[in-house]
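Asker: need a structure here:
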Amino acid sequence: DKPVGIDMETIAERSEGFIDISFTHHEKELLKNRDNAEWSTRFWVAKEAYSKKLGLGLQGNPKRYEVKSVIGDNHLIIEDCEVEMMK
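Answerer: Prediction:
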């Protein structure tokens, strides 16, 4: 009985322009020393899924929802929500 958000993407390299437009300074720090293709895709999917859960979408502002932390290999925290990633 709770809203959910789902998003799927192909893991692919993201350009520096995409990274700059999509992620905050904090998120870029979290992405350092991680595989760019995999983790930038994970962050993007998490933002999309979270915004869909809210019923709002990204509304042209992907920085609006910030990944606050990474827990293990499959969980990202956005706001007070834990987003589980599946391969």
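Asker: going forward, measure contacts and count neighbours with C-alpha atoms only.
Answerer: OK.
Asker: dump the longest helix that the chain contains to CSV, restricted to CA.
Answerer: Ordering each helix of the chain by length in residues (DSSP state H) puts helix 36-54 first. What follows is helix 36-54, C-alpha atoms only, in CSV (Å, rounded to 0.1, in the frame of the first residue of the first chain):
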residue,chain,number,x,y,z
ASN,A,36,32.0,5.5,-13.8
ALA,A,37,29.7,3.6,-16.1
GLU,A,38,28.2,1.4,-13.4
TRP,A,39,27.9,4.0,-10.6
SER,A,40,26.8,7.0,-12.5
THR,A,41,24.1,4.8,-14.0
ARG,A,42,23.1,3.6,-10.5
PHE,A,43,22.9,7.1,-9.2
TRP,A,44,20.8,8.2,-12.2
VAL,A,45,18.4,5.2,-11.9
ALA,A,46,18.0,5.9,-8.2
LYS,A,47,17.1,9.5,-8.8
GLU,A,48,14.6,8.5,-11.5
ALA,A,49,13.0,5.8,-9.3
TYR,A,50,12.8,8.0,-6.3
SER,A,51,11.2,10.9,-8.3
LYS,A,52,8.7,8.4,-9.7
LYS,A,53,7.9,7.1,-6.2
LEU,A,54,7.0,10.7,-5.3
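Asker: tell me which residue lies nearest the centroid of the protein.
Answerer: Among the residues of the chain, the one closest to the centroid is residue 43, at 2.4 Å (C-alpha atoms, centre = their mean).
Asker: quick revisit: tell me which other helices or strands the longest helix of the chain touches.
Answerer: strand 75-78 (3 or more C-alpha pairs under 8 Å, 6 or more residues apart in numbering; DSSP states H and E).
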